[in-house]
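In: sharing a sequence plus its predicted fold:
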Amino acid sequence: MVILKRTKEITNLKELKTIVRDHLSRSQHRNMPMDQRFEALWKAFNVFGIFFSKEISDRNMLGWIIQKSDFSNLFNSLYNKDPDFRKNLVELKAQTPINDMRPESNKSVIINNVSNPRQVLNAIYQVRCNLVHGQKSRDNCRDRKLIRISYLILSRIVSSMIANLK
C-alpha cells in the first residue's frame, strides 16, 4: 500500500502516478459501497488536479482544469469515441438539477449540454460535495443513481488522464 503524501509534496510524475493509481485501484474494489468507491475516485482526480494546478481549493482547481489545462480535449475525445461515456453523460443530465444540499443554500447545478465539460464537472463536483458533507444517502434511489453515474463518468476521465501522462 502506498503511504499518501500531501499533494504539494509530490515532486514528480512517477509519484503522482503511483498515488493516483492507488486511489483508482481502491475505487475499483467491487465489495466497497459505491459511495466509498466514488470518494476514492474523487481523491485520485483531486490529487491529479491539485498537482498540476497548484490550487489548494477544489473549486479553484476545477476552474483551472476547465480553463487552463488540456482537459477539454480529453473530455471531447472521450465524448466522441466512447458511446458508454456519452450514455452516462445523458443519464447524468437527466438527473439534473442537482441541488446544493447545504442548509440555507438555494443553488443547483444543471447540465444543459452533455458535451460541455464545465457543466459536467460542476455536476459531479456537486454530487461529491453533497456526499462528503453528509447530504447523500445510500438509502435514496436517486442519490445512489447520481453517485453511480458520477463514478462511471469520473472513472473514464481519471483513467484517460493517467493514460495521457508522459
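Out: That came through, no problem. Numbers count the residues shown, from 1 in each chain.

In: could you check the distance from residue 90 over to residue 96?
Out: 11 Å (Cβ to Cβ, to the nearest Å). Glycine gets a C-beta too; all of them are placed from N, C-alpha and C.

In: quick one: which of the two has more around it?
Out: residue 96 (16 against 12; other Cβ atoms under 10 Å).

In: give me the pLDDT value at the residue of the chain positioned farthest from its centre.
Out: Here the chain reaches farthest from its C-alpha mean at residue 104, the gap being 25.1 Å by Cα atoms, centre = their mean. As predicted, residue 104 sits at a pLDDT of 81.

In: ok, now residue 165?
Out: On pLDDT, residue 165 comes in at 82.

In: could you shift the numbering so residue one becomes 34, and keep it that way?
Out: Yes, from this point I'll number from 34; that puts the last item at residue 198.

In: quick one: it is in a strand?
Out: No. Going by DSSP: H, G, I helix; E, B strand; the rest coil, the assignment for residue 198 is coil, not a strand.

In: okay, now it: neighbour count?
Out: Applying other Cβ under 10 Å, we find 11 other residues in the vicinity of residue 198.
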